[in-house]
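> need a structure here:
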Amino acid sequence: MSTQQPKRPNYFVSMLTMKCPRCRKGDMFKDQNPFHLKFSKIFNMYDNCPVCGQKYELETGFWFGTGYVSYALSVAFSVFNLIWFWLFFGLTWRDNSIFVWLGVNGVLLVLIQPWLMRLSRAIYLYFFVYYDEDTAKLEKPTHQH
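Down below sits the predicted model:
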């Protein structure tokens, strides 16, 4: 008889797929697509995890801290874009390639902003809520209301 414990879900995969930090099974957002034309649906979250019941907004105004996380993600993304652009195309003031990079980077940041804002919420919540082995043993419901 096997008494093997279930494998712990990967921390980073769970965060990137925006699963509950406590059980790493339940979805944080009601709709997994952040790229709706209606911006009101970007933050359409569950109040609690549909699997383990973990409250997502830990206190009033909790999500204000995600601005710092979103800013850090945007800066990291811009630095990454600067490096690959410089390596592949070069950057100089003489041919205005720096302005091309600024334009490309700006457009890319605007396009991925809905995903970055959701990801910043997941990362921020993962700072405060930790994985719980006992909670993870709960079964994910087959249907949601």
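
> which residue packs closest to the one residue sitting closest to the centre of the chain, ignoring adjacent ones?
Nearest residue to the geometric centre of the chain (C-alpha atoms, centre = their mean): residue 119, 1.6 Å. Nearest non-adjacent residue to residue 119, counting by C-beta to C-beta, 6 or more residues apart in numbering: residue 73, 6.6 Å away. C-beta here means a position set from N, CA and C on the backbone, and glycine is covered the same way.

> Kindly state the pLDDT recorded for that neighbour?
Per-residue pLDDT puts residue 73 at 96.

> can you check residue 94 too?
Listed pLDDT for residue 94 reads 82.

> how close does it get to residue 61?
48 Å (C-beta to C-beta, to the nearest Å).

> sorry, back to before: ok, the residue nearest to residue 119 touching residue 118?
No - Residue 73 lies out of contact with residue 118 (C-beta atoms under 8 Å); the separation is 10.8 Å.

> Return the residues in contact with the residue nearest to the centre of the chain.
15, 16, 18, 73 (C-beta atoms under 8 Å, 6 or more residues apart in numbering).

> Okay, the residue nearest to residue 47 when sequence neighbours are not counted and residue 8: tell me how far apart.
Spatially, and ignoring its direct neighbours in sequence, residue 47 is nearest to residue 56 (6.5 Å; C-beta to C-beta, 6+ apart). Residue 56 is 21 Å from residue 8, where distance means C-beta to C-beta.

> Now the longest helix belonging to the chain: average pLDDT?
Secondary structure of the chain per DSSP state H: the longest helix is helix 97-128. Across helix 97-128, pLDDT averages out at 94.
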